[in-house]
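K.L.:
Here is my input; please provide its structure:
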Amino acid sequence: MLTTLILIPIIGSLFLLPISETTESSKRQMKNIALITSLINLFISINLWLLFDTSTTQYQFVSTHIGSFNFGIDATSLVFVLLTTFVTPIALLSNHRTITQNLKFFLISFLLLESLQICAFVSLDLLLFYIFFESILPILFVVIILFGHGKDRIRSANLLFLYTLAGSLPMLLSILFIYSNLGTVDFQLISLYGISPDYQYLLWIGFFIAFAVKTPLYPFMIWLPKAHGDSPLAGSIILAATVLKLATYGYVRVLLGMLPEATNYFSPLIQTIAIVTLIYASFSTIVQQDTKRLIAYSSVAHMAVVVLGLFSNTIIGYEGALLLALAHGWVSPALFICVGGIIYDRTGTRIINYIRGLAAYMPVFTILFFIFTLANTGIPLTLNFLGEQLSLMGLWHTNPILAIIGATSILLSACYSLLLYNRLSYGNYSPYFPPFKDISRREYYILISLLIPTVVFGVFPNTILSLLHSSSLTAIYIF
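P.N.:
As a prediction, the model looks like this:
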């Protein structure tokens with residue numbers, strides 16, 4: 001089943017290859033094939049969830065291909081696989097009307113991105129994880145250049161590619177060092193052998209740099225707002241929802257799982273970096289005038305809270321961090337759809353000063369935008385609230401002072417989120433644009449699809465927490 005999950009998007013891409021883009025009917029056919037392929041993968045991943053045994057910490061659905069391609073899934077990777085398969089059809093639908101040129105390449109790119117990300121989340125081999133961790137970069141690079149908007153998109157694509165590639169080189173060196181000393185890069189064998197404490201500290205730094213760039217943490221965050229600002233809407237959705245989660249998964253699988261002594265030693269450092277990132281990103285968000293860059297900086301602030309929870313060395317903080325990562329994967333794409341899709345498609349601009357008074361002509365949109373804005377601030381009855389509260393509660397047990405400083409994220413996120421909503425939705429209607437139609441049926445269904453899991457799992461979090469309990473015990477290091 002896991003192999004099928006990986007291969008379905010590739011098979012869908014093969015079906016797209018012989019179709020020409022000459023007529024509207026052929027373009028519609030390609031869109032339908034890509035969407036159906038992604039939905040099939042979503043249903044397979046849900047079936048995987050239903051068959052998953054939550055009583056064990058062992059990898060399940062393990063499969064080996066061509067001798068060394070080892071894949072398996074545990075509770076943590078299952079959460080991110082479900083997020084990937086859920087968000088991919090959302091991303092395809094978000095640009096359903098706006099991409100008209102090179103449509104085949106666009107659809108194939110996002111189907112391949114889905115397969116590559118799933119492979120990264122289910123790889124049982126460090127070298128394979130690195131390969132799939134980096135394999136998404138060339139696709140995103142080309143997608144931003146071909147389908148992005150803005151005169152600066154080539155520079156944004158270069159920043160994305162060079163920052164993340166350069167940051168991952170220390171990880172490659174660390175993997176080669178592990179292989180030369182242990183003779184294996186298999187996750188399970190490395191856990192059995194153990195890595196000498198004398199080497200853990202140096203290896204930890206190599207892996208941490210790669211994950212810090214991808215998170216991103218200060219001072220490696222300059223690439224993300226520019227990449228979001230100049231990428232197509234589907235690219236922003238994938239970046240926010242799943243690409244950033246590759247770093248979260250890396251923290252869990254490598255730093256917490258394989259290098260516990262070094263993680264314990266460096267935890268105060270990474271918590272301090274996360275606090276600096278949170279404060280810096282939050283204040284940067286407040287002064288932004290570009291709507292997409294504003295949401296991008298808010299993503300950085302929320303991912304900093306995820307890092308605080310992961311490295312709190314408590315079960316509450318660890319599970320809260322994964323809940324917040326999952327909630328961010330739904331709410332942040334919804335906000336990108338609101339400001340970078342619905343508003344941008346109608347106005348042609350993302351500058352806040354030109355847009356106001358949308359509530360007068362777009363009441364349904366304004367209501368949904370308001371709900372997602374509240375979710376972004378961590379209001380109760382949403383998964384964001386539980387994720388933030390559990391992350392900070394877990395941090396409180398180990399470092400109350402940092403937990404108090406980290407709690408400022410709640411106030412700051414309310415400031416920039418409500419400020420954006422008020423400036424766009426109310427006041428006198430902008431004189432620069434004619435009255436706009438409210439959201440279409442397609443846009444409504446996309447936003448509702450992201451709203452339902454945010455609220456349902458916020459009210460019934462045990463659906464996810466019962467899945468994570470088995471793996472959370474192995475993420476705590478006790479000395």
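
K.L.:
List of residues touching stretch 128-140?
P.N.:
Residues from elsewhere that reach stretch 128-140, judged by CB atoms under 8 Å, 6 or more residues apart in numbering: 68-70, 109, 112-113, 116-117, 119-120, 123, 157, 160-161, 164-165, 168, 171-172, 175, 210, 214, 227, 231, 235, 238-239, 243, 246, 250, 253. Yep, even glycine has a C-beta here, placed from its N, CA and C like the rest.

K.L.:
cutoff 6 Å now
P.N.:
By CB atoms under 6 Å, 6 or more residues apart in numbering, the residues outside stretch 128-140 that reach it are Ser109, Leu113, Leu116, Cys119, Ala120, Ser123, Phe161, Thr164, Ser168, Leu172, Ile175, Leu246.

K.L.:
for stretch 408-418, same thing?
P.N.:
With contact meaning CB under 6 Å, 6+ apart, stretch 408-418 is reached by Leu278, Ser282, Thr285, Ile286, Val305, Thr373, Asn376, Thr377, Gly378.

K.L.:
Need the max-distance pair from those.
P.N.:
Farthest pair in the contacts of stretch 408-418 (CB to CB) is Leu278 and Thr373. Separation: 19.1 Å.

K.L.:
Please enumerate the strands of the stretch 101-250 of the chain.
P.N.:
Shown for the stretch 101-250 of the chain, no strands are assigned by DSSP state E, counting those that start in this stretch.

K.L.:
what bits of it have low per-residue confidence?
P.N.:
Across the stretch 101-250 of the chain, nothing is flagged by pLDDT under 70.

K.L.:
Could you rerun that using 90?
P.N.:
101-106, 123-129, 133-138, 140-168, 174-175, 177-203, 213-216, 218-236, 239-241, 243-244 (pLDDT under 90).

K.L.:
Show me the helices in it, by range?
P.N.:
Ranges of helices in the stretch 101-250 of the chain, per DSSP state H, counting those that start in this stretch, are 103-122, 126-147, 153-182, 187-193, 197-214, 223-230, 233-238, 244-250.

K.L.:
Tell me which of those sits most buried.
P.N.:
helix 233-238 (a mean of 29; mean count of other CB atoms under 10 Å).

K.L.:
Pull the residues that contact it.
P.N.:
Taking contacts as CB under 6 Å, 6+ apart, the residues outside helix 233-238 that touch it are Ala91, Ser94, Asn95, Val143, His228, Pro333, Phe336, Gly340, Gly341.

K.L.:
same thing but at 7 Å, please
P.N.:
Among residues not part of helix 233-238, those counted as contacts by CB atoms under 7 Å, 6 or more residues apart in numbering are 87, 90-92, 94-95, 110, 113, 140, 143-144, 228, 292, 333, 336-337, 340-341.

K.L.:
same deal with stretch 364-384?
P.N.:
Applying CB under 7 Å, 6+ apart, the contact partners of stretch 364-384 are 298, 323-324, 326-327, 331, 334-335, 338, 342, 358-359, 385, 388, 410, 413-414, 417-418, 421, 425, 438-439, 444, 447, 451, 454-455, 457-459, 461.

K.L.:
among those, which are in helices?
P.N.:
298, 323-324, 326-327, 331, 334-335, 385, 388, 410, 413-414, 417-418, 421, 425, 444, 447, 451, 454-455, 457-459 (DSSP state H).

K.L.:
Restricted to buried residues, select those in ChimeraX.
P.N.:
The ChimeraX command for the buried members of the ones in helices among the contacts of stretch 364-384 (criterion: 16 or more other CB atoms under 10 Å) is given here:
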select :298,323,324,326,327,331,334,335,385,388,410,413,414,417,421,425,447,451,454,457,458
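
K.L.:
which one is Asp152 nearest to, not counting chain neighbours?
P.N.:
In space, and not counting its chain neighbours, Asp152 is closest to Asp230: 5.9 Å by CB to CB, 6 or more residues apart in numbering.

K.L.:
measure that neighbour to Leu294 for me?
P.N.:
Taking CB to CB, to the nearest Å as the measure, Asp230 and Leu294 are separated by 15 Å.

K.L.:
and Lys214, what is it in contact with?
P.N.:
Applying CB under 7 Å, 6+ apart, one finds that Lys214 lies in contact with Thr164, Leu244, Leu246, Ala247.

K.L.:
Just name the closest of those residues to Phe61, please.
P.N.:
Using CB to CB as the measure, the one of the contacts of Lys214 that approaches Phe61 most closely is Leu246, at 20.3 Å.

K.L.:
hang on, isn't the closest one packed against Ala120?
P.N.:
Yes - with contact defined as CB atoms under 7 Å, Leu246 reaches Ala120; the gap is 5.8 Å.

K.L.:
Contacts only, for Glu388.
P.N.:
When the contact criterion is CB under 7 Å, 6+ apart, the partners of Glu388 are Val305, Leu324, Gly378, Ile410.

K.L.:
ok, 8 Å please
P.N.:
Counting by CB under 8 Å, 6+ apart, Glu388 touches Val305, Gly320, Leu324, Gly378, Ser409, Ile410.

K.L.:
Of these, which is the nearest to Met258?
P.N.:
Distances from Met258 to these, taken as CB to CB, are shortest for Gly320 (22.4 Å).

K.L.:
Okay, and that closest one sits in which element?
P.N.:
Taking DSSP states H and E as the definition, one finds Gly320 inside helix 315-336.

K.L.:
quick one, that helix and helix 223-230 angle?
P.N.:
Angle of helix 315-336 versus helix 223-230, following axes from the mean of the first three to the mean of the last three CA atoms, to 10 degrees, is 30 degrees.

K.L.:
And helix 315-336, what does it pack against?
P.N.:
With contacts defined as 3 or more CB pairs under 8 Å, 6 or more residues apart in numbering; DSSP states H and E, the secondary structure elements packing on helix 315-336 are helix 75-94, helix 233-238, helix 244-250, helix 291-310, helix 363-377, helix 383-398, helix 441-459, helix 462-472.
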